[in-house]
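In: here you go, sequence then predicted model.
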Amino acid sequence: MTRLSVNINKIATLRNARGGNVPDLLKVAIDCERFGAQGITVHPRPDERHIRMRDVYDLKPVVTTEFNIEGYPSKKFLQLIADIRPAQATLVPDPPNALTSNAGWDTIKHAAFLKDVIAEIKSYGVRTSIFIGTDPDLIYRAAETGTDRVELYTEPYAAAFSAGRAKAVEPFVRAAEVAHQAGLGLNAGHDLSLDNLKYFAQRVPYLLEVSIGHALISDALYFGLENTIQLYLRELQIH
């Protein structure tokens, strides 16, 4: 079964809106795992508008499943990975002021940079993943950087899903096949939800992990966190 990693950035956003420690980020991470999540994802940004650097250090002894840290591989980010040694570091090409991740890496243009960064991260014993689109050439070139996995940027799938799910998922099926042929593990994330997750997981082969935050936390406002995590896990139970 594809593993579910819960991105808890939105919990930190809510906490930061009022100051203090409500909701308690560490308790939410513990509860997500207790309710069945197989991983916790955070994406600290330079302005710390949601996850703060201190949060990442505080989460280290708390997370007992897979800890996935996403971010642009700046010197500060690389130091964080060296200190925390998470299960996985997911590299995204976001500029500092980006609202959210909105594109994958150009693994041709940035090949040398990514190769150096990945070599450093892997020297810490940390699995690497590159956030990427569905272009086959870029996926093949991702393999040349030495990364262990790629994470498919799924916003285009989510945006096109209601107009035609078969057409929307087609590039991702092809991308998954290419990643497999290139010897890469496959993750996916961005705008996956209860509406579109099951179809994606059914159609896209070799899918190891999805990282979901905004939709899952939003659903939890209506269904409760425990029930929501179970609903998402049910969508990933593909037979």
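Out: Right, received. Where do you want to start? Being a predicted model, the structure only gives us computed values, none of them experimental.
In: just confirm V210 is within a strand.
Out: Yes: judged by DSSP: H, G, I helix; E, B strand; the rest coil, V210 forms part of a strand.
In: state the distance from the closest residue to it other than its chain neighbours to L78.
Out: Spatial nearest neighbour of V210, excluding adjacent residues (C-beta to C-beta, 6 or more residues apart in numbering): A188 at 5.2 Å. Heads up, the C-betas are built off the backbone N, CA and C, glycines and all. In this view, A188 and L78 are 24 Å apart by C-beta to C-beta, to the nearest Å.
In: how about F131?
Out: On the measure of C-beta to C-beta, F131 and L78 end up 16 Å apart.
In: give me the more crowded residue out of those two.
Out: F131 (25 against 16; other C-beta atoms under 10 Å).
In: surely the more buried one is within a strand?
Out: Yes: judged by three-state DSSP, F131 forms part of a strand.
In: quick one: contacts for it?
Out: For F131, the contact set (C-beta atoms under 8 Å, 6 or more residues apart in numbering) comprises 70, 90-93, 101, 104-105, 150-151, 153.
In: can you pick the most crowded of those residues?
Out: That'd be V150 among the contacts of F131, by other C-beta under 10 Å, with 32 neighbours.
In: tell me what that one is bridged to.
Out: I130, L186 (DSSP bridges).
In: from H43, how far off is it?
Out: Distance from V150 to H43, by C-beta to C-beta: 17 Å.
In: ok, how many other residues are close to Y57?
Out: 12.
In: er, T41 I mean
Out: Per other C-beta under 10 Å, the neighbour tally for T41 reads 25.
In: each with direction, which strands does the host helix or strand of it pair with?
Out: According to DSSP states H and E, T41 maps onto strand 39-42. Note on strand 39-42: by DSSP bridges, its sheet partners are strand 3-7 (parallel), strand 66-71 (parallel).
In: now the very next helix or strand once past the last one: buried residues?
Out: Which is strand 66-71. Tracing the chain past strand 66-71, the next element assigned as helix or strand by DSSP H and E is helix 75-84. By 16 or more other C-beta atoms under 10 Å, the buried positions in helix 75-84 come out as 77-78, 80-81, 84.
In: same deal with stretch 56-69?
Out: 56, 59, 63, 65-69.
In: I30 contacts V62, correct?
Out: Yes: counting by C-beta atoms under 8 Å, I30 does reach V62; the two are 6.0 Å apart.
In: residues contacting the residue positioned nearest the centre of the chain?
Out: Nearest to the mean C-alpha position of the chain, counting by C-alpha atoms, centre = their mean, stands S211 at 4.1 Å. Taking C-beta under 8 Å, 6+ apart, we find S211 in contact with 5-7, 39, 41, 68, 70, 90, 151, 187-189.
In: recalculate using a threshold of 7 Å.
Out: Shown in contact with S211 (C-beta atoms under 7 Å, 6 or more residues apart in numbering): 5, 7, 41, 68, 187, 189.
In: pLDDT score for it?
Out: Confidence at S211, expressed as pLDDT, is 98.
In: who's it bridged to?
Out: Residues in beta-bridge contact with S211 (DSSP bridges): S5, G189.
In: quick one: it from T2, how far?
Out: For S211, the distance to T2 - C-beta to C-beta - is 11 Å.
In: and if you look at H180?
Out: For H180, the distance to T2 - C-beta to C-beta - is 14 Å.
In: more crowded one of the two?
Out: Remark: of H180 and T2, T2 carries more neighbours, 21 against 14, as counted by other C-beta under 10 Å.
In: surely the more buried one touches Q237?
Out: No: using C-beta atoms under 7 Å, T2 is not in contact with Q237; the gap is 9.0 Å.
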